[in-house]
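Engineer: The sequence and its predicted three-dimensional model are supplied below.
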Amino acid sequence: GDSVTQMEGPVTLSEEACLTINCTYTATGYPSLFWYVQYPGEGLQLLLKATKADDKGSNKGFEATYRKETTSFHLEKGSVQVSDSAVYFCALSRAGGTSYGKLTFGQGTILTVHP
Amino acid sequence: ETGVTQTPRHLVMGMTNKKSLKCEQHLGHNAMYWYKQSAKKPLELMFVYNFKEQTENNSVPSRFSPECPNSSHLFLHLHTLQPEDSALYLCASSQSLAGGDNEQFFGPGTRLTVL
C-alpha cells in the first residue's frame, strides 16, 4: 500500500538557519504530493503541493520538488523564523481505484526555531 | 464563520458517557473526513463521506458512529469509549474525491480525553 516516511524529529534550529525535512514515499502510479503544517492548537493547513514529476511547490519561503526518480519530496527553507515553529506533515494522494482522493500522511516532524 | 469549524474544542468524558463531535464546513465542498491524531502516531483516516454517502470506514470500532446529514455537516457520535481513544479528532473537507490533486481543508480539531 501507499506510505510516506519523514525524517525523525524534533528538529531544533536557530533563527535564519537553513531547513531541510526529508520525505520519501511509496506509491504506484503518479501521486500528488503535499506538505501540510500544523501550528500549535490548530488544525492542518496546506503549505504547498506538486502534482507531477519535477514540479516545484512553493509558499511562504518554503519549497519542495517532486523527484520521481528518488521518490522524494523534501521540504526546504533558506532562512527559518521563530514563527515557523510547527509540526510539518508530508502526504500523498492518488487518483483512481479505491484510494481516490485519500491522503496518506507521514508521521510528522516537529520544528522548533529559537531566536 | 469561514473554513471548517469544529465543536467542542475540548471534551472530557467517562467511558460510559455518550457524546457527539460536530464539524461544519462553509466552503461548499462535497467530501468530508474524520481523522484521529494521537501522540507519536501518523494521522489516521477514520471515515470519508462524499455527497453525504459514506465511502470509507477504515476499520474503525463501532463505538465511533459517524453521521453526515448534508454536505456541510459531519458528526462523530461517541459511546463507551476507552482511554486509548483519547486523541485530537480532526475534521476535513475537500471539493470532491475526484482526482489525486485533492486539497483538504482542516478544522482546528476536538481534543478528547477519556477517563
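Structural biologist: Nice, I can see it.
Engineer: who touches the helix or strand of chain A with the lowest mean pLDDT?
Structural biologist: Ranking every helix and strand in chain A by mean pLDDT, DSSP states H and E puts strand A:103-105 at the bottom, with a mean of 88. Residues from elsewhere that reach strand A:103-105, judged by CB atoms under 8 Å, 6 or more residues apart in numbering or on different chains: A:2-4, A:27, A:34, A:36, A:89-93, B:42-43, B:45, B:102, B:104. Using the backbone N, CA and C atoms, a C-beta is placed for each residue, glycine as well.
Engineer: And those, which is the shakiest by pLDDT?
Structural biologist: Lowest in pLDDT among those is B:Asn102, which has 72.
Engineer: dump the residue contacts of that one.
Structural biologist: By CB under 8 Å, 6+ apart, the neighbours of B:Asn102 are A:Ser32, A:Ser93, A:Gly101, A:Leu103, B:Ala31, B:Ser94, B:Gln95, B:Ser96.
Engineer: Check whether the first one really touches A:Ala50, as I assumed.
Structural biologist: To tie it back to what came earlier, the one meant is A:Ser32. Yes: between A:Ser32 and A:Ala50 there is a contact at 7.1 Å, judged by CB atoms under 8 Å.
Engineer: For the spatially most central residue of chain B, give me the pLDDT.
Structural biologist: Nearest residue to the geometric centre of chain B (CA atoms, centre = their mean): B:Trp34, 2.8 Å. At B:Trp34, the model reports a pLDDT of 96.
Engineer: Next to chain A, which bits of chain B? Give me the list.
Structural biologist: B:4, B:6, B:31, B:40-43, B:45, B:48, B:50, B:56, B:90, B:92, B:94, B:96-109 (CB under 8 Å from any CB of the partner chain).
Engineer: Any chance of a ChimeraX selection covering the buried ones in the contacts of B:Asn102?
Structural biologist: Buried residues within the contacts of B:Asn102, by 16 or more other CB atoms under 10 Å in any protein chain shown, are selected in ChimeraX with:
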select /A:32,93,101,103 /B:31,94,95
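Engineer: okay if I get the contacts of B:Asn102 as a markdown table plus distance to A:His114 and secondary structure?
Structural biologist: Compiled in a markdown table, the contacts of B:Asn102 are given as follows (distance: CB to CB, whole Å; DSSP: H, G, I helix; E, B strand; the rest coil):
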| residue | distance to A:His114 | secondary structure |
| --- | --- | --- |
| A:Ser32 | 34 | strand |
| A:Ser93 | 34 | strand |
| A:Gly101 | 39 | coil |
| A:Leu103 | 31 | strand |
| B:Ala31 | 39 | strand |
| B:Ser94 | 36 | strand |
| B:Gln95 | 39 | coil |
| B:Ser96 | 42 | coil |
